[in-house]
Structure formats: structure tokens, C-alpha cells
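Colleague: model the following, please.
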Amino acid sequence: MNTTNTTGEEPDYLQDIKTKLRQYINQRILLVRLQATEKFSKLASTIVNAVIMVVVALFVLIFGSITLGYWLSSLTGSFTIGFGIVALLYLVIFLFVILFLRKILQNFFINTFIKLFHKKD
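Modeller: Presented below is the predicted three-dimensional model:
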């Protein structure tokens, strides 16, 4: 049986395969776009939530520090000593984080980001 058409056109089944292949490729592209949009949306919402929590935590930290500074000032009788103790406390915490917890915190954030990005729902 001769599958070649005398007019030079491809047989219908090859045309159908081409059409189905184009549809499949278009559907795969759409699927990848939708998956990327979903992951980006989840990442963006997580970042927005984290920023809001950090801002609230900073306000609590600032006002707590001011309160602690005034309280220590009333105990020591000097604003300089009271707020200096608070500054020294933050310096000790900063050095502790830099010296001991930096790698642990870095790995925690990297792992959290990877889990968030590759999470299957």
C-alpha cells in the first residue's frame, strides 16, 4: 500500500500527530507556567508574612529596649549607665550569634527556603 499522496501532502495521520504534538507542547508550557506562578505566589506570600513578623518583632524589641533602658536608669540613677547596659547586652547577643550561631542560622534559612520551594501539596 502506498502511503504517499500524489498531491505531495502528508497523510492525515501524520497531520493528526503533528496537531496532537503541538497541543501537548502547549499544554506542557501552560502547566509549567502555572506551577511556576504557584510557587512564586507561595514564596511571595511567605516573604510578605516574614517581613510583617520581623517589623512587629522589631517594634517589640525597640520599645522593650527603651523600657529596659529607663528601668535600668531608674535603678542606677543614670541614663547613660542604664542605656549603656542595654547596649552592652545587645553587643553580647550579637557577638554570640556571630561566633556560635551564624552557621546554624544560615543552614536553617537555606533548608527552610528549599523546603518551601520544593514543597509538594
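
Colleague: separation between Thr76 and Arg33?
Modeller: Relative to Arg33, Thr76 is positioned 63 Å away (Cβ to Cβ, to the nearest Å). In short, each C-beta sits where N, CA and C put it, glycine included.

Colleague: same thing with Leu21?
Modeller: 19 Å.

Colleague: and what of Thr80?
Modeller: Taking Cβ to Cβ, one finds Thr80 at 60 Å from Arg33.

Colleague: by contact count, what packs against the helix or strand bottoming out on mean pLDDT in the chain?
Modeller: Ranked by mean pLDDT, DSSP states H and E, the weakest helix or strand in the chain is helix 102-117, scoring a mean of 81. In terms of contacts (3 or more Cβ pairs under 8 Å, 6 or more residues apart in numbering; DSSP states H and E), helix 102-117 is packed against helix 12-76.

Colleague: tell me the mean pLDDT over the helix it packs on?
Modeller: On average, the pLDDT along helix 12-76 is 93.

Colleague: quick one: residues in contact with the helix or strand just after that helix.
Modeller: Sequence order places helix 79-96 as the next helix or strand after helix 12-76, per DSSP states H and E. Where contact means Cβ atoms under 8 Å, 6 or more residues apart in numbering, the residues beyond helix 79-96 that reach it are Ser65, Leu68, Gly69, Tyr70, Trp71, Leu72, Ser73, Ser74, Leu75, Thr76.
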